[in-house]
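everything below, folded, please.
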Amino acid sequence: MPGFIGEVMDHCLATAPYPNPTLAFCGALALQAFLAGRKIRDPADNRTNIYLLGLAHSSAGKDWPRKINARVLHAVGLANRLADQLASGEGIQDALHATPSLLFQTDEIDALLQSMKRARDGRYESIMATLLTMYSASNSVFPMRRRANKPDPGVIDQPSLVLFGTAIPNHYYAALSERMLTNGFFARMLVLESGPRRAGQEPLAPDPPERIVSAAAWWANFRPGAGNLADAHPAPATVAQTDEARRLLDDLRQQAEAAYAEAESRNDAVATTVWGRVSENARKLALIYAASENHERPEIGADAVRWASRLVSHQTRRMLYMASGYAAEGEFDELALRLIRKLREVPDRALAHSVLLKRMKLDAKTFRQVVETLIERGDLSVDTFRTGGRDATCYRLAENEGEARVNEGGSE
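Model (predicted):
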């Protein structure tokens, strides 16, 4: 990744006790997206506000990129633009009303999603609604809620909310619900998995190099437009696109539309929701790439679009694949998906009855109910074989189980 994002990544990897390239990339991308918020746009008025989620297991280095970002923003006088708690939708709105550009860095976002999924508390509903609305309001005006003692609550002009969350992979996917997958929240989130933890190293102080601080300070001081109201009512600079970049963006849009139509023909609400955001997400990322490559004279070129297109297309397929194996609406559906995952994890996608029962950690009655349901759905087949002079039962995943709906993105 050229320019600022690459330099922040290098600094993070050089100083972290457990270097994690995926999380370093997420942190650097979020930092650049925040710095450019409300300051640049592309010709279609897309902005740099993005929702990022880095998935990694415990003690894999999830906190170090957040520390790097905090140090950089503190060095340029923007530490007051950081937040770490999504306590309520009203709280997010009030924070953005006071500071229209914010970087939320939050750990264990899966716990928040579980609360949204299980609780009937209106507080969590308001968080979801606010996150959905703020993502789309970045190039518009968000009216503040009315109060009895404040008849003219005002508005937030072009709010820029960048979310950088981290979570444990299985916990995150299990926390998703069908509603989250279809209401647009999942489609707005770029989810990156970090894989196995790397070998550790002696950590260094995360104080950012002067070159990083200088670029961040440039963004902090950049005021597009004129007059004293530039902060309250900004006029973002438009970053031009090359002819080749425009052609590639149009190609991606047509590919996403074809995938959307195919999903629509299958009545796949999750896939249509996600594919419907692909073009927008790629344009946002291409804009951020251009800002990182040359902050003083950014231009969206072919390299920026190719990178953004590959990333978004790959992650879209991967997200859909993982969601198909985890997201459930009820407890019984969760058990069914857990059994399917147990079989997916073994090379021949089959396990003996006794082995699968032990791995599921269920009582025999519940286990039979789950197995019978999956057999009737066509997701599971039953084989019988001889062992030790007795007949034994083996359960095997059907060939078309789940995979007709989505293609895993690993082939990209």
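
chain center to the least confident helix or strand in the chain by mean pLDDT: distance?
Least confident helix or strand of the chain, by mean pLDDT, DSSP states H and E, is helix 109-118 with a mean of 75. Offset of helix 109-118 from its chain centre (CA atoms, centre = their mean, to the nearest Å): 15 Å.

which helices and strands sit right next to it?
Here helix 109-118 touches helix 122-136, strand 160-167, helix 169-175, helix 178-182, going by 3 or more CB pairs under 8 Å, 6 or more residues apart in numbering; DSSP states H and E. No exception for glycine: its C-beta is placed from N, CA and C like everyone else's.

quick one: mean pLDDT over the second one.
Averaged across strand 160-167, pLDDT comes to 95.

neighbouring strands - and their directions - for that strand?
Using DSSP bridges, the strands paired with strand 160-167 in its sheet are strand 51-55 (parallel), strand 101-106 (parallel).

from the chain's centroid, how far away is it?
With CA atoms, centre = their mean, you get 8 Å for strand 160-167.

what about dumping the CA coordinates of that strand to PDB?
In PDB, the C-alpha atoms belonging to strand 160-167 read as follows (Å, rounded to 0.1, in the frame of the first residue of the first chain):
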ATOM      1  CA  SER A 160     -17.800  11.400   9.200                       C
ATOM      2  CA  LEU A 161     -17.900   8.400  11.400                       C
ATOM      3  CA  VAL A 162     -15.000   5.900  10.900                       C
ATOM      4  CA  LEU A 163     -15.400   2.700  12.900                       C
ATOM      5  CA  PHE A 164     -12.400   0.400  13.600                       C
ATOM      6  CA  GLY A 165     -13.500  -2.600  15.600                       C
ATOM      7  CA  THR A 166     -11.800  -5.800  16.500                       C
ATOM      8  CA  ALA A 167     -13.200  -9.200  17.600                       C
END
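
what residues sit buried inside that strand?
With burial defined by 16 or more other CB atoms under 10 Å, the residues of strand 160-167 counted as buried are 160, 161, 162, 163, 164, 165, 166, 167.

dump those residues into CSV; add distance to residue 145 as well.
Formatted as CSV, the buried residues of strand 160-167 follow (distance: CB to CB, whole Å):
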residue, distance to residue 145
160, 20
161, 16
162, 22
163, 21
164, 26
165, 25
166, 30
167, 29
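
distance of residue 147 from residue 109?
29 Å (CB to CB, to the nearest Å).

between those two, tell me which one has more neighbours.
The neighbour comparison of residue 147 against residue 109 (other CB atoms under 10 Å) goes to residue 109, with 24 against 8.

could you find the closest non-adjacent residue to the more buried one?
residue 165 (3.6 Å; CB to CB, 6 or more residues apart in numbering).

repeat that for residue 304.
Residue 304's closest residue in space is residue 289 (CB to CB, 6+ apart), at 3.9 Å.

tell me the contacts of that neighbour?
1, 2, 5, 300, 303, 304, 307, 308 (CB atoms under 8 Å, 6 or more residues apart in numbering).

what about those, which one has the most neighbours?
residue 304 (29 neighbours).

one step back: ok, the residue nearest to residue 109 - contacts?
51, 52, 53, 54, 104, 105, 106, 107, 109.

hmm, the last one is touching residue 166, no?
Yes. Applying CB atoms under 8 Å as the test, residue 109 and residue 166 come out as touching, 6.9 Å apart.

what do these two both touch?
Shared contacts of residue 109 and residue 166 (CB under 8 Å, 6+ apart): residue 53.

contact partners of the least confident helix or strand of the chain?
Residues from elsewhere that reach helix 109-118 (CB under 8 Å, 6+ apart): 53, 86, 106, 121, 124-125, 127-128, 165-168, 171-172, 174-177, 180.

please apply the same query to stretch 254-270.
With CB under 8 Å, 6+ apart, stretch 254-270 has contacts from 178, 181-182, 186, 271-272, 275-276, 278-279, 313, 320, 323-324, 327, 405.

pick the one among the residues you listed closest to residue 223.
Proximity of those to residue 223 (CB to CB) peaks at residue 279, which lies at 30.1 Å.

any idea of the mean pLDDT for the helix or strand that residue 384 is a member of?
Assessed by DSSP states H and E, residue 384 sits inside strand 380-387. The average pLDDT for strand 380-387 rounds to 84.

torsion angles phi and psi at residue 396?
phi -130, psi 140 (degrees, to the nearest 10).

show me the contacts for the residue nearest to it when sequence neighbours are not counted.
Of all residues beyond its chain neighbours, the one nearest residue 396 is residue 350 (3.8 Å), with distances taken as CB to CB, 6+ apart. Contact partners of residue 350, counting by CB under 8 Å, 6+ apart, are 343, 383, 394, 395, 396, 397.
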